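Participant: A structural model of the following input is requested.
(one chain, ligands or ions: 1)
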Amino acid sequence: LLAQATPVLGDGGASLGAVLVFIDVTPYRMLDQLRQEFVAKVSHELRSPLSTILLQLTLLLGEDGAAPPQGHRHLLVRARERTQGLISFVRDLLDLSRLENGGGAAAQPVEVSLEKVLASVSEALGDQARSRGMELRLELPAEPLPPLRADPVGLESVFTNLAANAINYSSDGGQVTLKAWSEGDSLKVAVSDQGFGIEPEKLGLIFDKFYRVKNEKTRYVTGTGLGLPIVKNVVENLGGAVAVDSELGKGSTFTVTLPVTPT
Ligand code: ADP
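Facilitator: Below you'll find the predicted structure:
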């Protein structure tokens, strides 16, 4: 509690009383604590891959800075992967902090065709799906969908994140479907997979920053727990919502609802 006292003086300077103001600072303390936890988590996420890179580069250079020993290409490849992971982590983190501040420097919304966004996402992830023996299906209605007013980059990141998760949290050979349709004043997109599924008690946590489900199946999937928070923020900034329906061992469906604003 923060207390502040101001004396109230009469004409002749006589004391008439005092005004006491009490401010409950609990929300500020909580915010500060959250910020500290956030910084601690970020530093941890950055430190571990950076240490790996440092170690690998040190080995490559040899103890006395001599030429790198032969046959150590795999170390370089691993260092590059870790660096790429780190770069996308930092990018996600910055995206998220911008989104949480109400969109910040996000691009001006323009008229976007959902069909085009989904086609571009499915093309971008096609190779990744094929390399895992998976089929990435795009189901669009025969009639063209009404355009949306949105930042196309943000919208693409929503469906890239959802489709990449659908691929990553599935066993090889499954099927991932991106299906779009129009319903009343809204556009809907369902991203479904036949993958690991999510325990019912974890469904309420997966949109939290840094949250990752830890089990035997997910332990081999790398990630930072920032994808779904980004999805939720972008969708909600557009006045929409994202819902998840999942069954352990069967698969998951993430459904995005976006309002169509009359032009
Ligand atoms: P990341 O994938 O980097 O861990 P996300 O925020 O995208 O972060 O997802 C949070 C967690 O939700 C994931 O770690 C995973 O456990 C779970 N998850 C997300 N999408 C799926 C999916 N399609 N199937 C199963 N689990 C999923």
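Participant: Get me the contact residues on this structure for the ligand.
Facilitator: For the chain, the contact set with the ligand under Cβ under 6 Å from any ligand atom comprises 161, 165-166, 169, 193, 195-196, 198, 206, 211-213, 218, 223-228, 252. Any C-beta I mention is one placed from the backbone N, CA and C, and that applies to glycine too.
Participant: Weed out the non-buried ones from those.
Facilitator: Using 16 or more other Cβ atoms under 10 Å as the burial test, these include 161, 165-166, 169, 193, 195-196, 198, 206, 212-213, 223-228, 252 as buried.
Participant: Just the ones of the residues you listed in strands?
Facilitator: Asp193, Ser252 (DSSP state E).
Participant: Among the buried ones among the residues of the chain next to the ligand, which are located in helices?
Facilitator: If you go by DSSP state H, these have Asn161, Asn165, Ala166, Gly227, Leu228 in helices.
Participant: Who are the contact partners of the third one?
Facilitator: Residues counted as contacts of Ala166 (Cβ atoms under 8 Å, 6 or more residues apart in numbering) are Val176, Val191, Ser192, Asp193, Gly195, Ser252, Phe254.
Participant: hey, what's the first one bridged with?
Facilitator: Pointing back at Val176 there. Bridge pairing for Val176 (DSSP bridges) gives the partners Leu136, Asp193.
Participant: How many residues are close by it?
Facilitator: Using other Cβ atoms under 10 Å, Val176 is surrounded by 26 other residues.
Participant: That one touches Met134, doesn't it?
Facilitator: Yes - between Val176 and Met134 there is a contact at 6.2 Å, judged by Cβ atoms under 8 Å.
Participant: Pull up the overlap in contacts between those two.
Facilitator: Any residue near both Val176 and Met134 by Cβ under 8 Å, 6+ apart counts here, and that gives Ile167, Ser170.
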